[in-house]
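[1] Here is a sequence with its predicted model. Questions after.
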Amino acid sequence: MSPYLLIPLLPLLAAFALALGGRRLGAQAHRVGIPAVAGSFVLSIAALAEVAAGGPISIRLYRLLDVGDLAVDIGLHVDQLAVLLLPLVTGVSLVVHVYSSRYMTGDPRYRRFFAVMALFTFAMAMLVMSNNLLATYMCWEIMGICSYLLISHWADRPAAGRAATKAFLVNAVADVGLGFGVVLTFATYGTLDIQEILASASSMDSRTFSLLGLEVRTNTVIAFCLLSGAIGKSAQVPMHVWLPFAMEAPTPVSALIHAATMVNAGPFLLVRMSPLLLLAPAAMVAIAVVGAVTALYGALVSLTQSDIKKLLAYSTISQIGFMVFACGVGAFGAAVFHLLAHGFLKGFLFLSTGDALAATGSHAHGHGPVRGKRLRPLALGALLLACVPPFVLFSGPYERVWSARQIPSADAAFWAIGLATVFLTALYTFRGVVSLFGSPVGRSVSVHPRLSSMAHVSGLAVVAVVATAFLAGLWSLFSDFLGPALAGGPPAEASSGLTVAGLGAALAAAVAGWAWAYHRHLNPAAVPLPRREWAKTAYVLLLNRLYFDEIHDAVAVRPTLRVSRWLWRDLDLRLVDRAVHGVATLVRLCAERLARTAEELVIERLAHGTASLVRIGSGWLERVAEAGFVERAPHVAGTGFVLTTGWLWRMVARHVTGEALQEVGQPADGAGATQGETGPRTLRHQLVIIVCWLALAIGLTYWLIL
Amino acid sequence: MTSLLTDHLISSLIAVPFIGIAAILLVRGRAFARWCALASSLGALGLGLALWSGFDKTVSGMQFVERVEWMPTFNIHYAVGVDGISLVMVLLTTLLTPLCVLASWTSIESKARAFMSLVLLVEGAMIVVFTAMDLFLFFMLWEVTMIPMYFMIVLWGGPERIRAGIKFVIYSLTGSLLLLAGIFGLYLHAGRTFDLQAIVAHGIPGEAQTWIFVALFLGFAIKLPMIPFHSWLPDAHSEAPTAGSVILAGVLLKMGGYGFLRICLPALPEASDSFAPAILWLSIGGILYGGCLALAQSDLKRLVAYSSISHMGFVTLGIFAFNEQGIQGSVMQMFAHGVSTGAMFLAVGLLYDRTHSRLISDYGGLHSSMPRFVVMLSIFAIASFGLPGTANFVGEFLVLVGTSYGGMLKVLLAMGGIVLAAAYMLWMLQRVALGKPSTSAGAMLPDLGAREILTLAPLAIVVFSVGLFPAPLTETLELAVSGLVEQAAAVLEGVGAASD
């Protein structure tokens, strides 16, 4: 048993202990959560050291499923990629745990909060280390439900419930793609082990399957499926709508979602599956386009948001967009680098935001407390964050993808979008930081002379450039380290002058954005408000986030509900159910009809027949009587009397014998007949006797009189 | 005694509920009836677990077989035995019944003795259905399950109970009639025997298979139910008392799926194969249709009822995929659905006991007044839409893998049903559990008591333990399912070779 097993296991055990631990743990919940995550963090660092020294570690856990030729072994694969992410996941989670123990004090659902956070940490750690696509998918979904539970933490707020449901459902729609990809991968490769899949990916390159009558290449479809999953979890356009709403969660949760877990899963999955993605150029282009659009969109929208948490959410969307963009152009190592840098910085930003919000009790912009001491490192951090994207994007040539497509205009678009986004990123990062920690616009100059000095800005810029250079030094180390875990080893040598020039241009764009934002901040009045109509329109559009929420509502939510109601009211109740009732009614009508017919045809005719029979009989009697019945009457009566008496005698005699036999206890012979008559005298018997006596009396009278 | 018990384990298992009924009928007193029902259903659970532990997973074919001549004139036997599939169904039955008894502990006020005997009667009859190897026995007890259900609905049900009960009985009777016709068809074409193994060994001529299959299919499809034969289900489920709904959704529906597996596939492989494409599309239709309808409901019990239709679609989807993953998945799905939907009905029942309302709009904000209840409801809601880590995920995933051999489009469409499930369950949770209470009374509802926790917690444990460690169940199923698939494949291959 490797100790690294404990990296996901400790948070899981903590989650169990907290969930089942009863009320005693209550306010002490953090005493379970913090040590567990701290243990994971320490082990993550140890794993980093060990992998750096000795290469990947594989740990087999247990066999989840073994059905037919489907065998799913859950296990851990700790390679260079995993160990780089693990310290981020567990480290940020640890900080968030410690922070929450103070931030959430007195919350009625304190224990639940820590239990779900621990589970969340488990799911992300397990996702990073998983060696099996099914296990990846499982952790992916568990993170979804954790985010649901945390977003709805303050369940009294109706908005929190709505946001949680929205987050999960948007993810569920996107995850159909991922789940489909998992099934398709198994159907194609016959295994779900990630390393095996990646090893045999190129040999499966010619595999196709038919979907809706089209022959499509399997690897391309799988890559699109992975992208679909990433679009949901990592809040890419057009599935990004849940992330801003997720701000209904307590602030530490936002830090966890934005920095350590959840949104990072998308780029991670793309990087993990990079050898497969590289075989699907069409999907790579789609990934790049989605990432670029998201990066640009997030940056533009975050310029207009006035709620600080929404601003940070859109900045996350934009940054993750960058990472996906980087994946799309084949710069997987750069994406991981960006992911790490963004994770740590964003975690820091959010926790600081939490402080500010706790102090002011408001999400609104520009009322943050003034903390001069913290400002400098934070501003530096923000500038670094602004410099990461250009660095990431322009650190190497991505000829592999773009030249494979042979589209020169795509190259130009890549540069244009990249530079524009870098500029905007610098702009909104500065804006976010200043609005949080600087003073309200208009008073800043006098309160913060140090920040306002031009020398300070240039100093910051110098620091940024130095830091970037340092990062560039680190970069080669980093890419060498990460290389074995990625697709085709380390990226090709960035020797061409174009790349250096590109990097320079990009850094210049970033600094320009920063400087412009700073200029605006210093002279708010000097900046003219948008005068033109189109500018206003653009502003309104962006302020409303390009109406994505409304579009989702109109395109997906309401039609589904309307179709459902229509199906229920008009199809199920009116058609299916009525058909059943109709059949029943039909049967009943038939039965009634049958009964009526029977009455008319059989019973009435029978009655008529009897009546006519009686009539005929009486007519015959009449005729017989007229024809001389009277003369023969005494004879007839005599015969009748004798016969009747004889029958009567026999009846009575049999009756008596039956009773006698029964008294003796011997079985009567002719079982059926005798048994019937051994019973008590029934009405039938008495009637027979009465009729006989009457007949006798009439006969006697007749015979005597005549 | 010990050897008697081990030699006649299945018969003892069948006898336990009936002994319980006899005791309840002989002794007066409501309290006695409750305790007696609980004791005998727990006894049955114990014997079911004993059966499971004694079951040899490495041997294929029927185990614990008992065979006694019953009506020699018609070649009818009392023959029972279990294989993996039967065993899982028996476990499900014996697991849910004690919980049904617990759920009716206080909510059934009038005629408690009769109610408890009916619950035990259904249990006993269903155990026979799931273990019968003789089709006559199978059919007889299949019919017997209907009678107690009818009385449960009509005597203890909701406001529309009479209509729902009659609809249930007439619809089911129609199905049974077709089933009877099919069984007689098998009897006549397989040398006048009701012994299922003999029928399978004898084989049914190709031309007769079609009409027998249609008759049996309709019988099972009504019970399962598949669209468009589902319209008895929402009424019956929503009007039945809690225990009735749990038994209906938890076990009774599974008789349909079990019938497909036990009779249609082995005895009529060619007809099953030729009808499979149509049934697969019907299943997918059912998954999406049921999901959409559940989304439109404003009544909690009807929502869960329509969700059952959707989930049962996965069962037929897996069965008629004709491969190991599909069939194992569908049995797992039956088990998981029995547990999670049974638990949903139990949970809704607990809510109904408090407020006597099933309308979603009458609730809201329960998280503050009933936190434990909300935890339980959430667990079963997320299980219901197949979150990984729950038993339902295992079933659905296996079914999807099984379906993938027959075309990826079906997989994609079936996954749409999972999204719909997430949508209606989470929307329901949002409206019931989150937010602010819609009424002032809702804010003061008492949380779950010990007995109620005891009703729900075992199911929660089962949902997660099967979801994370499905191996004990899949291993139990393995040989039965692979045998079934191989046998059908061999027959179909033979037919293919003959026609070539």
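    Yes, it's here.

[2] Isn't B:Met133 up against B:Phe64?
    No. Contact status for B:Met133 versus B:Phe64: not in contact, 10.8 Å apart, counting by C-beta atoms under 8 Å. For glycine as for every other residue, the C-beta is placed from the backbone atoms N, C-alpha and C.

[3] Spit out the residues that contact these two alike.
    B:80-81 (C-beta atoms under 8 Å, 6 or more residues apart in numbering or on different chains).

[4] any idea which helix is longest in chain B?
    Longest helix in chain B, counting residues (DSSP state H): helix B:324-355.

[5] pLDDT (mean, whole number) over the following helix or strand past that one?
    Next helix or strand after helix B:324-355 toward the C-terminus (DSSP states H and E): helix B:366-369. Mean pLDDT, computed over helix B:366-369, is 87.

[6] Is helix B:366-369 in proximity to chain A?
    Yes. Counting by C-beta under 8 Å from any C-beta of the partner chain, chain A has neighbours in helix B:366-369: B:367-368.

[7] what packs against that helix?
    helix B:371-384 (3 or more C-beta pairs under 8 Å, 6 or more residues apart in numbering or on different chains; DSSP states H and E).

[8] residues touching the closest residue to B:Leu92 other than its chain neighbours, list them.
    Closest residue in space to B:Leu92, ignoring its immediate chain neighbours: B:Gly338 at 4.6 Å, by C-beta to C-beta, 6 or more residues apart in numbering or on different chains. By C-beta under 8 Å, 6+ apart, the contact set of B:Gly338 is B:92, B:96, B:249-251, B:254.

[9] Could you list the residues of the stretch 101-250 of chain B in contact with chain A?
    Residues of the stretch 101-250 of chain B lying near chain A by C-beta under 8 Å from any C-beta: B:167, B:170-171, B:227-228, B:230-232.

[10] and those, which are buried?
    Among those, the ones that count as buried by 16 or more other C-beta atoms under 10 Å in any protein chain shown are B:167, B:171, B:227-228, B:230-232.

[11] how about those, which pair is most distant?
    Pairwise distances across those (C-beta to C-beta) peak at 16.5 Å, for the pair B:Lys167 and B:Ile227.

[12] Map the structural domains onto the sequence of chain B.
    Split into domains by automatic domain parsing, chain B comes to B:1-267, B:268-500.

[13] what's the average pLDDT for the longest one?
    The average pLDDT for domain B:1-267 rounds to 90.

[14] and A:Phe209, that one's in a strand?
    Yes. Under DSSP: H, G, I helix; E, B strand; the rest coil, A:Phe209 falls within a strand.

[15] Mind jotting down where the strands sit in chain B?
    With strands called from DSSP state E, chain B shows them at B:63-71, B:76-82.

[16] Sorry, wrong one. I was asking about chain A.
    With DSSP E as the criterion, chain A has strands at A:57-67, A:70-78, A:208-211, A:214-217.

[17] closest one to A:Arg431 among those?
    Using C-beta to C-beta, the strands of chain A put strand A:70-78 closest to A:Arg431, at 39.7 Å.

[18] now for that closest one, which elements pack on it?
    So strand A:70-78, by 3+ C-beta pairs under 8 Å, 6+ apart, packs with strand A:57-67, helix A:110-129, helix A:133-151.

[19] Generate JSON lines for those, with mean pLDDT as supplementary columns.
    Formatted as JSON lines, the helices and strands packed on strand A:70-78 follow (pLDDT from 0 to 100):
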{"stretch": "strand A:57-67", "mean pLDDT": "87"}
{"stretch": "helix A:110-129", "mean pLDDT": "92"}
{"stretch": "helix A:133-151", "mean pLDDT": "93"}
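
[20] Looking at those, which one is packed in the most?
    Of these, the one with the most neighbours on average (mean count of other C-beta atoms under 10 Å in any protein chain shown) is helix A:110-129, at a mean of 27.

[21] So that one, near chain B or not?
    No. Residues of helix A:110-129 contacting chain B under C-beta under 8 Å from any C-beta: none, with a closest distance of 8.5 Å.

[22] Same check on stretch A:559-572?
    Yes. Judged by C-beta under 8 Å from any C-beta, stretch A:559-572 and chain B are in contact via A:560-561, A:563-565, A:567-569, A:572.

[23] which of those has the most neighbours?
    A:Asp572 (24 neighbours; other C-beta atoms under 10 Å in any protein chain shown).

[24] which residues does the nearest residue to A:Phe325 once chain neighbours are set aside contact?
    Spatial nearest neighbour of A:Phe325, excluding adjacent residues (C-beta to C-beta, 6+ apart): A:Gly291 at 3.1 Å. The contact partners of A:Gly291, taken as C-beta under 8 Å, 6+ apart, are A:236, A:321-328.

[25] Buried subset of the residues you listed, written for PyMOL?
    The buried residues among the contacts of A:Gly291 can be selected in PyMOL (16+ other C-beta under 10 Å) with this line:
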select buried, chain A and resi 236+321+322+323+324+325+326+327+328
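
[26] To A:Gly418, which of the domains of chain B lies closest?
    Closest to A:Gly418 of these, according to C-beta to C-beta: domain B:268-500, at 34.7 Å.

[27] mind giving me the domain ranges of chain A?
    A:132-543, A:551-705.

[28] Worst mean pLDDT among these?
    Of all those, domain A:551-705 carries the lowest average pLDDT, namely a mean of 71.

[29] Show me where the stretch 351-500 of chain B has its helices.
    Under the criterion DSSP state H, counting those that start in this stretch, the stretch 351-500 of chain B contains helices at B:366-369, B:371-384, B:391-404, B:408-432, B:450-468, B:471-499.

[30] With respect to B:Gly48, which of those helices lies nearest?
    helix B:471-499 (12.4 Å).

[31] So what angle separates the directions of the closest one and helix B:391-404?
    Put simply, helix B:471-499 runs at 20 degrees to helix B:391-404, going by axes from the mean of the first three to the mean of the last three C-alpha atoms, to 10 degrees.

[32] helices or strands up against helix B:471-499?
    Packing partners of helix B:471-499 (3+ C-beta pairs under 8 Å, 6+ apart): strand A:57-67, helix B:84-103, helix B:265-267, helix B:269-295, helix B:324-355.

[33] 6 Å instead?
    helix B:84-103, helix B:269-295, helix B:324-355 (3 or more C-beta pairs under 6 Å, 6 or more residues apart in numbering or on different chains; DSSP states H and E).

[34] angle of it against helix B:324-355?
    Counting by the same axes, to 10 degrees, helix B:471-499 lies at 130 degrees to helix B:324-355.

[35] for helix B:471-499, which positions count as buried?
    For helix B:471-499, a neighbour-count test (16+ other C-beta under 10 Å) marks B:471, B:473-474, B:476-482, B:484-485, B:488, B:491-492 as buried.
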